[in-house]
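> I would like the atomic coordinates for the input below:
(one chain, ligands or ions: 1)
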Amino acid sequence: MDKTHLVDEITGHRRMRRNRKADWTRRLVQESRLTVDDLIWPIFIVPGSGIVDPIAAMPGVSRMSVDKAVEAVREAAGLGIPAIATFPDIEMELRDETGSNSLVANNLINQATAAIKKAVPNIGVITDVALDPFTSHGHDGILRDGVIVNDETVEQVVKAAVMQADAGADIIAPSEMMDGRIGAIRRALDAAGHQDVGIMSYATKFSSGFYGPYREAINTSGLLKGDKNSYYISPANGTEAIRDAALDVEEGADMLMVKPGVAYLDICWRIKEAFGLPTFAYQVSGEYTQIKAAAMNGWIDGDRIMMETLLCFKRAGCDGILTYFAVDAAKRLAKSG
Ligand SMILES: NCc1[nH]cc(CCC(=O)O)c1CC(=O)O
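Numbering: from 1, shown residues only. Model prediction:
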């Protein structure tokens, strides 16, 4: 039997492979593209100087003292990366029940912001106001009688946000998922003269096992009692996530984030469709580590999967990605011209 004829009968004139036949056709029809402009690089800061301390659970990622972070950020800016996000790993002695170090004007995170903005003024600095790096229990808010208290936490987070803006932060990114925080932070920033400081809301932050290596990086895993289910969103709930994001939009968020990333691409798509705000995904520590670990075993092509996952965020509607791969991906993008 004539095999060509058989295919023709089934497909008619519709042959999808025509557009895939050569490199030039594939380039012509490519829908989504990843560029260096899409990348935000999260970094970990430690006290001291001259320190580059590898994080065991995140091969290729290190905690850096402020001086080393400045050097690394200068390199990132040179590669064209538009923004970084900072997370502090502070001394255990400074952590307490209420995370009071978050309200010290020249704490580690604010020192880092000031130094980075001074040395590399053209890179955007995004800071988180959650209390987990500062609390002795590893929770994102203030713990009273076993409960993370919402309004009291918001009050503190608002003050921390203003201090971060005073230190030079360009965008405040609240990740602690307390109700009402976006509006409260917006009002406080405006009252303090920081009208131009933006808010990237961790609008939909899911209660996820993918955060494991991050908690090692900032040394909260040993501290954390219980889970974060009373403030993060259940991985089962997409519609609830959209409602939560809607409130953040109403309260004045400039940008929205979905976290974690790859397992939540449906949320990215829904958020972008629903609000049209600049939408970002956070490819979190566990996602990074999965790829790295498998690649180190020779089981997958790590670079290929890095680029593939980042491109998939773009296809899912994201305007950009927070990723520990940012520098590696930027280098690859520079090479491929
Ligand atoms: N405010 C907490 C916070 N800030 C950043 C991350 C995770 C980032 C990552 O896993 O890469 C988390 C989650 C958590 O520890 O519960």
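
> what is the neighbour count of T323?
Using other C-beta atoms under 10 Å, T323 is surrounded by 25 other residues. All C-beta atoms are positioned from the backbone trio N, CA, C, and that covers glycine.

> so who does it touch?
39-42, 261, 282-283, 288, 310, 329 (C-beta atoms under 8 Å, 6 or more residues apart in numbering).

> can you add neighbour count and give the residues you listed back as a markdown table?
Compiled in a markdown table, the contacts of T323 are given as follows (neighbours: other C-beta atoms under 10 Å):
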| residue | neighbour count |
| --- | --- |
| L39 | 26 |
| I40 | 24 |
| W41 | 25 |
| P42 | 22 |
| G261 | 27 |
| Y282 | 26 |
| Q283 | 24 |
| Y288 | 25 |
| L310 | 25 |
| A329 | 26 |
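
> show me which of the residues you listed is closest to Y211.
Distance ranking of the contacts of T323 against Y211, using C-beta to C-beta, places Y282 first at 9.9 Å.

> ok now the helix or strand harbouring the closest one, how far from the chain's centre?
Assessed by DSSP states H and E, Y282 sits inside strand 279-283. Centroid separation for strand 279-283 versus its chain: 6 Å, with C-alpha atoms, centre = their mean, to the nearest Å.

> what mean pLDDT does that strand get?
Regarding strand 279-283, the rounded mean pLDDT is 98.

> so what touches it?
Residues from elsewhere that reach strand 279-283 (C-beta under 8 Å, 6+ apart): 40, 42, 200, 202, 255-262, 264-265, 268, 271-272, 309-310, 313, 316-325.

> do stretch 62-82 as well
Stretch 62-82 is contacted from outside by 36-37, 39-41, 43-55, 84, 86, 89, 108, 111-112, 115-116, 119-120, 122-124, 217, 320, 326-327, 330-331, 334, using C-beta under 8 Å, 6+ apart.

> narrow those to those in strands?
By the criterion of DSSP state E, membership of those in strands covers 39-41, 43-46, 52-54, 84, 86, 124, 320.

> now W299, what's its secondary structure?
Three-state secondary structure (criterion: DSSP: H, G, I helix; E, B strand; the rest coil) places W299 in coil.

> hmm, I typed the wrong one, I wanted A130.
coil.

> now swap in the one 10 residues further on and tell me
The assignment at D140 comes out as coil when based on three-state DSSP.

> now do it against E93, distance only.
20 Å (C-beta to C-beta, to the nearest Å).
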